[in-house]
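# Here is my input; please provide its structure:
(one chain, ligands or ions: 1)
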Amino acid sequence: MVISAFDVVKKQIDIVAKEMGLDPNIAKYLKRVERSLIVTIPIRMDNGDLEIFEGYRVHHSTVRGPGKGGLRFSPEVNLDEVKALATWMTWKCSLLNLPLGGAKGGICVDPRKLTRSELERLTRRFTSEIINMIGPDIDIPAPDVNTNAQIMAWIMDTYSMNKGRSIPGVVTGKPIEIGGSIGREQATGMGLYIIFEAMCEKLGLDLKAQKIVIQGFGNVGGTIAQILFEQGCKILAVSDISGGIYYSEGLDIDKLLDWTHEGNYLKDYKDDRYKLIKNEDLLTIECDCLVPAALENQITINNARAIKCKIVLEGANGPVTPEADRILFEKGIHVLPDILANGGGVCVSYFEYVQDIRAYFWSLDRINKELKRIMLEAFEEVYRIAKERNIALRTAAYIIAVSRIARAIELRGFFP
Ligand code: GLU
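All right, here's what the predicted structure looks like:
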């Protein structure tokens, strides 16, 4: 059964609304997105044929500032998913107390099937189609699943060409040479590490002794794998879309990153000690910390009972459904929720945006210090509320995020 990500969003709002006694009118409003745009993107392929793709951009809430959120290219993208992801961005920005709202976009496409020039035309035409919905004071896209700094550069250029001047603040996650921020590429993985380290401290666990399993080996999964590997943790298993590999003594992450960065799949990596495993079997491997860093709806009512770890560190957005959340909570598994754990990316995106607007760039030291401060402030508050009320960390994070949004809505009132 296909789970609707936006249905998950609505269930999460119901759970937090009940816990915090949220005004039902506000809850009703938060279950809607402010605006969504569906665009048709006709592209001349290299062989002369015309292919037509569908793209989306959604603003869930701009009550606390311009929309912010990634852009993903994947065959699974649809409006329901983009609405869910935009809503999660609202909570994430609010929890970190960034003056930004929640937005998201995507194109239903498998980018691996396109040539570089087709990908560039697709990105530029999509940018042109959504041009009135984005801008430094409207909505600022960023990388997400299967998008990267080069794609952000094409968006920035297309937008700037249309406006007749360079406007780097229209997207974040750009190459450093054209206004990107140092530290942005590693930021989501860095943020995951900061939160994991803080949680280990709370639970009295020795971080270096933790055994880790990671689903996903892209920017987020790859970066957290590398950081934890450098720290001496054993990474028992990792996976990409081709499947997973497992070794009970710990994989050599540096070698695997070299392999995948050359464009290879994990399943083709040759080491006699490593065992090939299916993606779904990876999630139920016994470990200390499981990091779902791929897509949403991975831990569901069907496999939650089989999860055998102490901590789930959500690198992806929405990897655990509300039913699974309840099961994990009952099992005593700590779920470090996406809107907190993977917030490092949008946090450094915010720094990039500020740097672009002021045209003054920070050092890596300053980026990492401010990232740590913002992430730990949010973590401490979430942890405290979860302990005080004996609720899941996600519910605590939602209480903080939704309260700020609700307060902003109350203060601004409803126009007209
Ligand atoms: N796509 C990332 C996320 O889901 C980053 C968003 C951003 O930097 O705006 O948080």
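
# Quick one: residues contacting the closest residue to the ligand within the stretch 201-350 of the chain.
At 3.1 Å from the ligand, S349 is the closest residue in the stretch 201-350 of the chain, using Cβ to the nearest ligand atom. C-beta: built from backbone N, CA, C; applies to glycine. Residues in contact with S349 (Cβ atoms under 8 Å, 6 or more residues apart in numbering) are K68, I140, A142, T172, G173, S181, R184, A187.

# try I400
Counting by Cβ under 8 Å, 6+ apart, I400 has contacts S94, L95, A378, E381, V382, I385.

# what sits against D325?
V335, A392, R394.

# Just confirm it is within a strand.
No. Secondary structure assignment (DSSP: H, G, I helix; E, B strand; the rest coil) places D325 in helix, not in a strand.

# Can you tell me the closest non-neighbouring residue to whichever residue of the stretch 1-150 of the chain sits closest to the ligand?
When scored by Cβ to the nearest ligand atom, the stretch 1-150 of the chain has G70 as its residue closest to the ligand, at 2.6 Å. Excluding the flanking residues, the one nearest G70 by Cβ to Cβ, 6 or more residues apart in numbering is D144, at 2.8 Å.

# what sits against that neighbour?
Applying Cβ under 8 Å, 6+ apart, we find D144 in contact with G69, G70, L71, R72, L85, K104, G106.

# Mind checking which of those are buried?
G69, G70, L71, R72, L85, K104, G106 (16 or more other Cβ atoms under 10 Å).

# Among the contacts of S349, which pair sits farthest apart?
Across those, no pair lies farther apart than I140 and A187, at 15.0 Å, counting by Cβ to Cβ.

# Each with direction, which strands does whatever helix or strand the residue of the stretch 1-150 of the chain closest to the ligand lives in pair with?
Using DSSP states H and E, G70 falls within strand 67-74. The strands beside strand 67-74 in its sheet (DSSP bridges) come out as strand 101-108 (parallel), strand 139-143 (parallel).

# one step back: in strands only, show me the contacts of D325.
Those of the contacts of D325 mapping onto strands are V335, per DSSP state E.

# Out of the contacts of D325, which is nearest to P99?
Proximity of the contacts of D325 to P99 (Cβ to Cβ) peaks at R394, which lies at 23.4 Å.

# List the contacts of I131.
So I131 contacts Y159, N162 (Cβ under 8 Å, 6+ apart).

# again, 10 Å this time
Counting by Cβ atoms under 10 Å, 6 or more residues apart in numbering, I131 touches I138, T158, Y159, N162, K163, V170.

# Turn those residues into CSV, columns for secondary structure, neighbour count and distance to L50.
Compiled in CSV, the contacts of I131 are given as follows (DSSP: H, G, I helix; E, B strand; the rest coil; neighbours: other Cβ atoms under 10 Å; distance: Cβ to Cβ, whole Å):
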residue, secondary structure, neighbour count, distance to L50
I138, coil, 16, 30
T158, helix, 19, 20
Y159, helix, 24, 25
N162, helix, 11, 23
K163, helix, 12, 28
V170, helix, 28, 28
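
# Kindly report the residues of this protein close to the ligand.
K68, G69, G70, K92, A142, D144, T172, N317, N342, G345, V346, S349 (Cβ under 6 Å from any ligand atom).

# biggest separation within these, which pair?
T172 and N317 (16.6 Å).

# Comparing those two, which shows the higher neighbour count?
Between T172 and N317, counted using other Cβ atoms under 10 Å, the more crowded position is T172 (31 against 26).

# Can you get me a residue count around the nearest residue to L290 once chain neighbours are set aside?
Spatial nearest neighbour of L290, excluding adjacent residues (Cβ to Cβ, 6+ apart): C309 at 4.3 Å. C309 has 23 neighbours, counted by other Cβ under 10 Å.

# go on, R35?
R35: 15 neighbours (other Cβ under 10 Å).

# same deal with I3?
Other residues near I3 come to 15 when the count uses other Cβ under 10 Å.

# so which helix or strand takes in it?
Applying DSSP H and E, one finds I3 in no helix or strand.

# could the strands paired with strand 67-74 go into TSV alongside mean pLDDT and distance to D254?
Shown next, in TSV, are the strands paired with strand 67-74 (pLDDT from 0 to 100; distance: least, Cβ to Cβ, whole Å):
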stretch	mean pLDDT	distance to D254
strand 101-108	98	32
strand 139-143	98	23
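
# Highest mean neighbour count out of those strands?
Burial of those is given as mean neighbour count (mean count of other Cβ atoms under 10 Å); strand 101-108 ranks first at a mean of 28.

# which parts of stretch 83-98 are buried?
Quick answer for stretch 83-98 (16+ other Cβ under 10 Å): 83-96, 98.

# State the mean pLDDT of that stretch.
Averaged across stretch 83-98, the pLDDT comes to 98.

# Likewise for stretch 65-77?
98.

# Stretch 2-20 too?
Mean predicted confidence for stretch 2-20 is 96.

# Report the buried residues of it.
Buried-residue list, stretch 2-20, by 16+ other Cβ under 10 Å: A5, F6, V8, V9, K10, Q12, I13, I15, V16, A17, E19, M20.
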